[in-house]
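# 3D model of this:
(one chain, ligands or ions: 1)
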Amino acid sequence: MSMAFKLFLLLFILSHNAYAEALYQHLGNKAQALSQQLQYNLTISPDGQGLPIGKGNATQGAKLFKQQCSSCHGPAGIGASAEPLVGEVGSLRSNYPEKTVNSYWPYATTLFDYIRRAMPIDAPFSLTADEVYALSAYILNQDDIIANDVELNEETLPKVIMPNIDGFISFYPDPN
Ligand code: HEC
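Here you go, the predicted structure:
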């Protein structure tokens, strides 16, 4: 390889690096700005931090579930193409453990977080806060985790005790 060609190669690579940097330096900025808007700031903690104001019960949720969820999750939250949401509580230690929302998830607040951000799978973030509370109530009531007439809202939802609450251990050491 001649010296001139080596020099040419070097310049070629350097100039393309600079070009690539200029081209891609905005990558991710828009997503980051969006993530700071309230609409996209969706994370809800187990203690309820981040829950919006609203309310709903299982009766209201049953109606919505039939219209918007049962085509994939089955008429009562089990038995169709998508994940079973209800049933199998207490099965995790059996020979046939089945992870459903009600048998496996440790916090009820995760249900609100997940439904709001991801469901229906073809129209995420289309439900109002009241609708998500109602749907959460319906799913939890299917396994009697809450009674039929309980109103879920930003205060009552974090107080719901899930059957598998003690089934997880923290990866991080206890700070106390
Ligand atoms: C078009 C089909 C479809 C519809 C409609 C739909 N879902 Fe889903 N849902 C899915 C699929 C597929 C998954 C699994 C997604 C994954 O694991 O990434 C899922 C997962 C879930 C989960 C998490 C289950 C788990 O154990 O991980 C919940 C909760 C849920 N859906 C609730 C709802 C609710 C409530 C509605 C109605 C508002 C709804 N879904 C409507 C297809 C659908």
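
# how close does Glu83 get to Phe5?
Spatial separation of Glu83 from Phe5 under the definition C-beta to C-beta, to the nearest Å is 59 Å. The C-beta positions use only the backbone N, C-alpha and C, and glycine is treated the same way.

# residues contacting the most centrally placed residue in the chain?
When C-alpha atoms, centre = their mean is applied to the chain, the residue found nearest the centroid is Tyr114 (2.5 Å). Tyr114 sits next to no residue when contact means C-beta atoms under 8 Å, 6 or more residues apart in numbering.

# who in the chain is up against the ligand?
68-69, 71-73, 82-83, 85, 101, 111, 114-115, 119-122, 135 (C-beta under 6 Å from any ligand atom).

# ok now the lengthiest helix in the chain, how far from the chain's centre?
Here the longest helix in the chain is taken by residue count, with DSSP state H as the criterion, and it is helix 3-24. Computed by C-alpha atoms, centre = their mean, to the nearest Å, the chain-centroid distance of helix 3-24 equals 44 Å.

# surely Ser45 and Thr109 touch.
Yes. At 6.9 Å, Ser45 counts as touching Thr109 under the criterion of C-beta atoms under 8 Å.

# who has more neighbours, those two?
Ranked by neighbour count (other C-beta atoms under 10 Å), Ser45 and Thr109 place Thr109 first, with 23 against 13.

# can you tell me the closest non-neighbouring residue to that one?
Beyond its immediate neighbours in the sequence, the residue positioned closest to Thr109 (C-beta to C-beta, 6 or more residues apart in numbering) is Ile44, lying 5.0 Å away.

# stretch 12-27: which residues count as buried?
With burial defined by 16 or more other C-beta atoms under 10 Å, not one residue of stretch 12-27 is counted as buried.

# okay, that stretch in CSV with CA atoms only?
Once side chains and other backbone atoms are set aside, the C-alpha atoms of stretch 12-27 remain, and they are given as CSV (Å, rounded to 0.1, in the frame of the first residue of the first chain):
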residue,chain,number,x,y,z
PHE,A,12,-11.6,8.9,4.5
ILE,A,13,-12.2,7.1,7.9
LEU,A,14,-11.8,10.3,9.9
SER,A,15,-14.2,12.3,7.8
HIS,A,16,-16.8,9.6,7.8
ASN,A,17,-16.6,9.3,11.6
ALA,A,18,-17.2,13.0,11.9
TYR,A,19,-20.0,12.8,9.4
ALA,A,20,-21.6,9.9,11.3
GLU,A,21,-21.3,11.7,14.6
ALA,A,22,-23.1,14.8,13.2
LEU,A,23,-25.7,12.6,11.7
TYR,A,24,-26.6,10.6,14.8
GLN,A,25,-26.0,13.1,17.6
HIS,A,26,-29.7,13.8,17.9
LEU,A,27,-30.6,10.2,18.2
